[in-house]
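Asker: predicted model and sequence follow; I will ask about them next.
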Amino acid sequence: LVYETMSADGETSSKPSVLPPWAKPENEGTPLKLYNSLTKSKEVFVPADGNRVSWYGCGPTVYDASHMGHARSYITFDIIRRVLRDYFKYDVLYVMNITDLDDKIILKARRQHLFQQYTENLPEKATVLADVAEAREKLVQKIDGLTEEPEKQAMHKKALEALDVALAAAKADDTAETLGALVEASTDPLSALLDSRFGSTVSDHSIFGKVSRRWEYEFHKDMEALNVEGPDVLKRVTECVPEIVAYIQQIITNGFAYESNGSVYFDVAAFQADPQHHYLKLMPEAAGNAKALAEGEGELTATGDKKSSNDFALWKASKPGEPEWDSPWGKGRPGWHIECSVMASEKLGQSMDIHSGGVDLKFPHHDNELAQSEAYFGHDQWVNYFLHSGHLHIDGLKMSKSLKNFVTIKQALEKYSARQIRFMFLLHGWRNTLDYSDGTMTEAVGCEKAFNEFFLNAKSVIRGEAGSTFAKFDELDTKLLASFQAARNAAHAALCDNIDTPQVFRVLRDLISDVNVYLMNKEAGGAAPQGPLIKEIAQYQTSMLTLFGLIGMGSAIGFPVDQEQQSLEDAVLPDLLKFADVRDKVRQLALQTKNVAILKLCDQVRDDTMPDLGVRLEDKETGSVVKLVDRETLMQERQRELERRAAQQKKKEEAAKKRAAEEAAKREKAKMPAEEMFKNTEDGYTQFDDRGIPTHDKDGEELVKGTRKRLEKAWKVQDKLHKKYFGEAKK
């Protein structure tokens, strides 16, 4: 560059321009890290294909109602998916499967079908009693075989007790009602008996499909109710059988599977012997876990055809009473683990960025998925990042479908809202064990209330005169702005650190506390709050809750209200503000004149009348604050407050009753003068001093010094007690 200069005498000259070097700011930023079950550590997340993230999530086996264990997994990964997509701006392709073919589905469908036929064509009473007796005997044998599983044993014993009660009633009463009650009480053992007799005769595929379709529909409805976004691609096992057959054939060709009596098994020993492959990447400590392997194979799987007990089924030869498809090895159906490998590979190719599922699926399901997929593709890394959500406990006990220790999603939603349930998950680490209980839900409800109160306070400021006024920052404004900036940085760091939502919410709650303190200080100082700053903080909090699926897209500030409520707010709020102003003036006058009756009426309007209309009034030093809140919420709050007061009053009454009883007991004890307390006792003392303290025992022997000292101490206590209640009364 060349620039001209002019001297004092008006002459110009040209000089080259030399610019100072530019210093590039150094800020590498904080990379996103995710806990990878494959490495058992947090790893920097790097998608294989630029900004695109390929993700496969294990879907449900649809044979019964979805429960909170399902919610634990699907809400968890819904949150992570939203954060990756909407915060870190990744292009996420999420694929999920539906297992609509499985041993559990087959057994459930057959037993349900046979039991329905039995009840619709109920045999004579003698036949029913004989069938129930046989089913009962099989149940007893099952209980006797569960000595190493006391929880299951206790559950079946409870069922046996109910069956015995119904059986005794049916034997004593010939009515159809008692016989029907017996059949109902015997549902599970009787269904199992009928299946053992006639299960092999069930051949209609629609019987199995009816069960899976029903529960898949219910699963999707539950996910919708929980605000869990659906996958980009949904795959069903029954729609992929030809692809599964071809996949298995390739594994056989590659030397890692073998056919035996119409079934195909994965050859674990051959896979382990290959230097290119590694088995049990997720849980090497589970090697040889026969119980877990058997559960993974399914109740209907034959085990005698394997080379090794460690091998697992890729294709199962169908027996009578099971659905079947054609294959090179005969009619059969897919094994459990192979389903996910095929459905994931079909859409995501020979490797994927993320595979997710519950921690209970690590072994054998996910370890076997990895092995058979890598055997198919001929490489050693089918999944780059394996994410596992933590266990769910119910009131401190591990949730178990087989133990009937579970809560369905519908049952949970009868008690709590979807938002409150999601709050519960967000307040606990996604990898950690979570206890679903009244305690954890109380914490979640409290968190929701704190945010709602914050948004109501923010709206109150924003719609006031200060809402759109930019005033000069004072010390309080500057301090709050610094807190806001620090909170955003801390929340970002927490999201980068394995999407640590509990830490994010600690940061957001601290920011709410800072705003509350700020508003209190402003009010105390008689100054208006910085409206635009409060608005910006409220919008940020809203955006974070939207990110986590707690608020729908498009909400300006706070939890959304329906159109009707919004219209109501626009229509009545101006008049409510005028009414609140008049009430506040009346209240202030009553305070000055100490008019208790008027003050009581003002309180009644605030505490009873307005909440019933969906309006919350809050009395502040600067005047009344009006908040429009859902009427049902206010009614629940009022009910909880009444219950709290009642509990507090009951506690006071119980404490007073306890004090009165203790006082009465003390008075009763005090009736005895100290001089008489040791006479005529079981100890049989024979001599006493002038105060009535024993000096000799029942045998006439003089008491040792230590005993005398102890008795004298007791005498002084009684003497003091007696004089307290009766000595002073005499005076």
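Answerer: Thanks, I have the structure now.

Asker: quickly find the element holding Asp719.
Answerer: Element membership for Asp719 (DSSP states H and E) is helix 705-722.

Asker: tell me which residues of that helix come out buried.
Answerer: In terms of neighbour count (16 or more other CB atoms under 10 Å), helix 705-722 has its buried residues at Leu711, Trp715, Gln718, Asp719, Leu721, His722. Placement of C-beta: from N, CA and C, glycine included.

Asker: which of those lies closest to Arg214?
Answerer: Lowest distance from Arg214 to those (CB to CB) belongs to Leu721, with 73.8 Å.

Asker: surely that closest one and Lys666 touch.
Answerer: Yes: with contact defined as CB atoms under 8 Å, Leu721 counts as touching Lys666 (6.7 Å).

Asker: mind showing which ranges of the stretch 401-550 of the chain have poor pLDDT?
Answerer: 401-403, 464-468 (pLDDT under 70).

Asker: meant to ask about the stretch 101-250 of the chain
Answerer: For the stretch 101-250 of the chain, no range has pLDDT under 70.

Asker: which stretches of it form strands?
Answerer: 233-236 (DSSP state E, counting those that start in this stretch).

Asker: for the helix holding Asp719, which outside residues touch it?
Answerer: 666, 669-674, 677-678, 691-695, 703 (CB atoms under 8 Å, 6 or more residues apart in numbering).

Asker: and Thr301, how many neighbours does it have?
Answerer: By the measure other CB atoms under 10 Å, the count of residues near Thr301 is 18.

Asker: longest helix in this protein, please.
Answerer: helix 631-670 (DSSP state H).

Asker: next SSE downstream of that helix?
Answerer: strand 687-688.

Asker: could you spell out the sheet neighbours of that following strand, each with its direction?
Answerer: strand 694-696 (antiparallel) (DSSP bridges).

Asker: quick one: which of the buried residues of helix 705-722 is nearest Leu628?
Answerer: The closest of the buried residues of helix 705-722, once distances to Leu628 are taken by CB to CB, is Leu721, at 61.6 Å.

Asker: and the longest helix of the chain, what's its mean pLDDT?
Answerer: Per-residue pLDDT values over helix 631-670 give a mean of 85.

Asker: need the three-state assignment for the spatially most central residue of the chain.
Answerer: In the chain, the centroid-proximal residue (CA atoms, centre = their mean) is Phe425; its distance is 4.6 Å. Under the three-state scheme (DSSP: H, G, I helix; E, B strand; the rest coil), Phe425 adopts helix.

Asker: now it: how far from Leu550?
Answerer: Taking CB to CB, to the nearest Å as the measure, Phe425 falls 11 Å from Leu550.

Asker: determine the residues that are contacts of both of these two.
Answerer: Joint contacts of Phe425 and Leu550 (CB under 8 Å, 6+ apart) do not exist.

Asker: OK, contacts around Met394?
Answerer: That one is not Met; residue 394 is Ile. Met68, Asn405, Phe406, Val407, Asp435, Tyr436, Ser437 are the contacts of Ile394 under CB under 8 Å, 6+ apart.

Asker: Tyr436 is in contact with the fourth one, correct?
Answerer: So that's Val407. Yes: using CB under 8 Å, Val407 is in contact with Tyr436, at 6.7 Å.

Asker: among those two, which residue is more densely surrounded?
Answerer: Neighbour totals were compared for Val407 and Tyr436, and Tyr436 leads with 24 against 17 (other CB under 10 Å).

Asker: which residues does that one bridge with?
Answerer: Here Tyr436, judged by DSSP bridges, has bridge partners Ile394.

Asker: need the three-state assignment for Ser624.
Answerer: strand.

Asker: renumber starting at 11 from here on
Answerer: Shifting the count to begin at 11 puts that one at Ser634.

Asker: quick check: pLDDT value at it.
Answerer: 78.

Asker: where do the strands of the stretch 411-560 of the chain begin and end?
Answerer: Using DSSP E, counting those that start in this stretch, strands in the stretch 411-560 of the chain cover 444-446.

Asker: please enumerate the helices of it.
Answerer: Assigned by DSSP state H, counting those that start in this stretch, the helices in the stretch 411-560 of the chain fall at 419-425, 428-436, 448-472, 485-506, 511-534, 541-557.

Asker: out of those, deepest packed?
Answerer: helix 428-436 (a mean of 23; mean count of other CB atoms under 10 Å).

Asker: okay, the angle between that one and helix 541-557?
Answerer: Going by axes from the mean of the first three to the mean of the last three CA atoms, to 10 degrees, helix 428-436 is angled at 80 degrees with respect to helix 541-557.

Asker: circling back to that earlier point, show me which of the contacts of Ile404 are buried.
Answerer: Here, 16+ other CB under 10 Å leaves Met78, Asn415, Phe416, Val417, Asp445, Tyr446 buried among the contacts of Ile404.

Asker: now the first one: how far from Thr86?
Answerer: Pointing back at Met78 there. Taken as CB to CB, the span from Met78 to Thr86 is 12 Å.

Asker: nearest spatial neighbour of Trp440, chain-adjacent residues omitted?
Answerer: With CB to CB, 6 or more residues apart in numbering as the criterion, Trp440 has its nearest non-adjacent residue at 4.7 Å, and that residue is Thr86.

Asker: ah, wrong one, I meant Leu48
Answerer: Leu48 sits nearest to Phe396 (CB to CB, 6+ apart), 5.0 Å away.

Asker: do the same with Ala75
Answerer: Thr418 (4.6 Å).

Asker: from Ala81, how far off is the one you found?
Answerer: Counting by CB to CB - Thr418 and Ala81 are separated by 10 Å.

Asker: with neighbour numbers in mind, choose between these two.
Answerer: More crowded of Thr418 and Ala81, by other CB under 10 Å: Ala81, with 27 against 17.

Asker: next, the angle helix 428-436 makes with the helix or strand harbouring the more buried one.
Answerer: In this structure, Ala81 is located in helix 78-92 according to DSSP H and E. Put simply, helix 78-92 runs at 80 degrees to helix 428-436, going by the same axes, to 10 degrees.

Asker: leaving aside the residues adjacent along the chain, what's closest to Asp110?
Answerer: Excluding the flanking residues, the one nearest Asp110 by CB to CB, 6+ apart is Ser222, at 3.8 Å.

Asker: kindly export the helix holding Asp729 (C-alpha atoms) in PDB.
Answerer: In PDB, the C-alpha atoms belonging to helix 715-732 read as follows (Å, rounded to 0.1, in the frame of the first residue of the first chain):
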ATOM      1  CA  LYS A 715     -19.400 -47.500  98.200                       C
ATOM      2  CA  GLY A 716     -20.100 -47.500  94.400                       C
ATOM      3  CA  THR A 717     -23.600 -48.800  94.900                       C
ATOM      4  CA  ARG A 718     -24.300 -46.200  97.700                       C
ATOM      5  CA  LYS A 719     -23.100 -43.500  95.300                       C
ATOM      6  CA  ARG A 720     -25.400 -44.700  92.500                       C
ATOM      7  CA  LEU A 721     -28.400 -44.900  94.800                       C
ATOM      8  CA  GLU A 722     -27.800 -41.500  96.300                       C
ATOM      9  CA  LYS A 723     -27.700 -40.000  92.800                       C
ATOM     10  CA  ALA A 724     -31.000 -41.600  92.000                       C
ATOM     11  CA  TRP A 725     -32.400 -40.300  95.300                       C
ATOM     12  CA  LYS A 726     -31.400 -36.700  94.400                       C
ATOM     13  CA  VAL A 727     -33.100 -36.900  91.000                       C
ATOM     14  CA  GLN A 728     -36.300 -38.200  92.600                       C
ATOM     15  CA  ASP A 729     -36.200 -35.700  95.400                       C
ATOM     16  CA  LYS A 730     -35.800 -32.800  92.900                       C
ATOM     17  CA  LEU A 731     -38.700 -34.100  90.800                       C
ATOM     18  CA  HIS A 732     -41.000 -34.600  93.800                       C
END
